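here is the input, now give the coordinates:
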Amino acid sequence: MINVLTRFGLQVSPERLFSAYDASANWLQVAWLTHNEISTLDQAKRIAREAVEKLPNDPELMQRLEEAYVNAVLDIPPLLSDDAFETLQSMRDRVAKIGLICNIGRSSGKVLRELLRNLQVLEFFDATIFSDEVGIRKPDKRIFENAAERLGVPISSIIHVGDHPEADVWGAKQAGMRAILLELPPELLTGDNLASLWRSTKQISDSEIRPDSRIKSLKEALSCVDRLEGLEPSN
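Numbering: from 1, shown residues only. Model (predicted):
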């Protein structure tokens with residue numbers, strides 16, 4: 001983003017930009033509590049405006065800033081879980097269709113699809129639903145209903161696997177799906193990163209979060225799906 005601003009003749013202090021970037025976690029967290037989405041373009045604009053005095057409203061500048069902001073995940077991609085490819089491949093033999101419902105962070109659905117393609121797992125999904133493209137986030141039941149519609153299956157037939165108790169379990173079950181909770185190690189849930197901050201704010205009590213099954217690894221989802229298929233959804 002600094003390079004983009006410099007190319008457009010704008011002076012920016014790296015410290016101010018880093019500070020604005022860090023502060024963005026707080027206002028993103030507040031917005032996400034209402035299950036509303038902030039586009040990556042609006043995220044990039046706000047960060048830049050807090051760091052640069054008199055930022056011009058130049059469409060090309062804004063586009064370049066967003067590209068720099070969202071493409072970081074492609075420049076330094078996350079590692080794919082060791083179990084992911086094998087689990088998805090085996091799941092293909094068990095179920096009619098596979099969908100992905102994703103709340104974005106700092107990367108758009110368009111870029112995340114490219115990331116999934118680069119990681120060679122995009123082809124496993126019959127539908128990919130990203131929060132910035134539908135304007136709502138899990139646990140809002142409408143994003144789960146959107147997934148069922150795109151997959152062309154009854155929502156009660158879907159088994160949702162996710163690692164966020166409220167967004168992935170409570171949200172899916174409120175929409176009429178069954179839900180498997182992937183329980184992550186505690187060391188992955190601490191720190192001041194955006195994912196940890198979002199996790200730390202809950203609006204639903206633990207007593208209301210009742211997964212149909214709990215797993216410690218992605219591979220365990222295979223046996224859970226085998227067991228849950230054919231069972232009636234529970235509340």
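
C-alpha only now, for contacts and for neighbours.
Fine.

count of residues packed around residue 59?
Neighbour count for residue 59, taken as other CA atoms under 10 Å: 9.

again with residue 170
By other CA under 10 Å, neighbour count at residue 170 equals 27.

how near is the residue nearest in space to the middle of the chain to residue 136?
Nearest residue to the geometric centre of the chain (CA atoms, centre = their mean): residue 103, 2.8 Å. According to CA to CA, to the nearest Å, residue 103 stands 8 Å off from residue 136.

just the buried residues of stretch 55-72, please?
Residues 55, 61, 62, 64, 65, 66, 67, 68, 69, 70, 71 are the ones in stretch 55-72 that count as buried (16 or more other CA atoms under 10 Å).

residue 172 against residue 137, yeah?
No - if you go by CA atoms under 8 Å, residue 172 and residue 137 don't touch, sitting 11.7 Å apart.

comparing the two, which residue is more hemmed in?
residue 172 (31 against 25).

ok, that one - contacts?
139, 141, 144, 160, 178, 179 (CA atoms under 8 Å, 6 or more residues apart in numbering).

which neighbouring elements make contact with the host helix or strand of the third one?
It refers to residue 144. Per DSSP states H and E: residue 144 is located in helix 141-151. Applying 3 or more CA pairs under 8 Å, 6 or more residues apart in numbering; DSSP states H and E, one finds that helix 141-151 makes contact with strand 99-102, strand 127-130, helix 171-175.

now render the ones you listed as CSV, adding distance to residue 41.
Output for the helices and strands packed on helix 141-151, formatted as CSV (distance: least, CA to CA, whole Å):
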stretch, distance to residue 41
strand 99-102, 18
strand 127-130, 15
helix 171-175, 27
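
most packed of these?
Among the helices and strands packed on helix 141-151, ranked by average contacts under mean count of other CA atoms under 10 Å, first place goes to helix 171-175 (a mean of 23).

just the buried residues of the helix holding residue 144, please?
For helix 141-151, by 16+ other CA under 10 Å, it's 141, 142, 143, 144, 145, 147, 148, 151.

likewise stretch 205-221?
209, 210, 211, 212, 213, 214, 215, 217, 218, 219, 221.

could I get it in CSV with only the CA atoms?
Extracted in CSV, the C-alpha atoms of stretch 205-221 (Å, rounded to 0.1, in the frame of the first residue of the first chain):
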residue,chain,number,x,y,z
SER,A,205,-23.8,-18.6,25.6
ASP,A,206,-22.0,-21.9,25.7
SER,A,207,-25.1,-23.6,26.8
GLU,A,208,-26.8,-22.7,23.5
ILE,A,209,-23.9,-24.1,21.4
ARG,A,210,-24.7,-27.8,20.9
PRO,A,211,-22.8,-29.4,18.0
ASP,A,212,-24.0,-32.8,16.8
SER,A,213,-20.4,-34.0,17.1
ARG,A,214,-17.0,-32.7,18.1
ILE,A,215,-13.7,-33.5,16.4
LYS,A,216,-10.0,-32.8,16.9
SER,A,217,-8.9,-33.2,13.3
LEU,A,218,-10.4,-32.8,9.8
LYS,A,219,-10.0,-36.5,9.2
GLU,A,220,-12.4,-37.2,12.0
ALA,A,221,-15.1,-35.4,10.0
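
distance between it and the chain's centre?
Counting by CA atoms, centre = their mean, to the nearest Å, stretch 205-221 is centred 18 Å from the centre of its parent chain.

ok, and what's touching that stretch?
Against stretch 205-221 from outside (CA under 8 Å, 6+ apart): 83-84, 86-87, 161, 165-166, 169-170, 178-184, 224, 234-235.
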